[in-house]
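S.K.: Here's my sequence, what's the structure:
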Amino acid sequence: MNKLVTVLLVFVFTLIGSFSYAHSPSEIKLNFDYEAKILKAIILHSVADSDKHYIKEIKIKKNNKEILVHKLSRQDNNTEQEVSYLIPDINDSDTLTIIAYCSKIGQIKKDIKITFNKESK
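M.R.: Presented below is the predicted three-dimensional model:
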């Protein structure tokens, strides 16, 4: 009985320890080029090994409707993932939402409201 309890405790602490190194992305920096209609995102996600712990998926929504899903197999580097997307059918007052999912645990979401400058049309 004692061996079973010991094995279970070791398993639980190992599991908890592995999750302590996993964390959600910390921030999304968004920029929208109104002329080119390109959404640029820099997702801050510091990791020790970007081949094993990375941003695994990015979803883009326009006015709450999913328009793009991008699956990744690794992160650009150990601090961030940078992506750019052409959004050709964007209109004034649309809202774009980007959701970034960590390969281990967690996600982050950020919105950007599109407001075209009358001079740029």
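
S.K.: For the chain, which segments count as strands?
M.R.: For the chain, the strands defined by DSSP state E occupy 27-33, 38-44, 55-62, 65-71, 80-86, 95-102, 107-113.

S.K.: got the angle between the second one and strand 27-33?
M.R.: Using axes from the mean of the first three to the mean of the last three Cα atoms, to 10 degrees, the inter-axis angle of strand 38-44 relative to strand 27-33 is 170 degrees.

S.K.: who's in contact with stretch 74-85?
M.R.: Contacts with stretch 74-85, where a contact means Cβ atoms under 8 Å, 6 or more residues apart in numbering, come from 38-51, 53-55, 58, 60, 68, 70, 72, 100. The C-beta positions use only the backbone N, C-alpha and C, and glycine is treated the same way.

S.K.: again, 7 Å this time
M.R.: Applying Cβ atoms under 7 Å, 6 or more residues apart in numbering, the contact partners of stretch 74-85 are 38-48, 50-51, 54-55, 58, 60, 68, 70.

S.K.: mind listing what's buried in it?
M.R.: Within stretch 74-85, the residues that qualify as buried by neighbour count (16 or more other Cβ atoms under 10 Å) are 75, 76, 80, 81, 83, 85.

S.K.: Read off the pLDDT value for the second one.
M.R.: pLDDT, the model's per-residue confidence, is 93 for residue 76.
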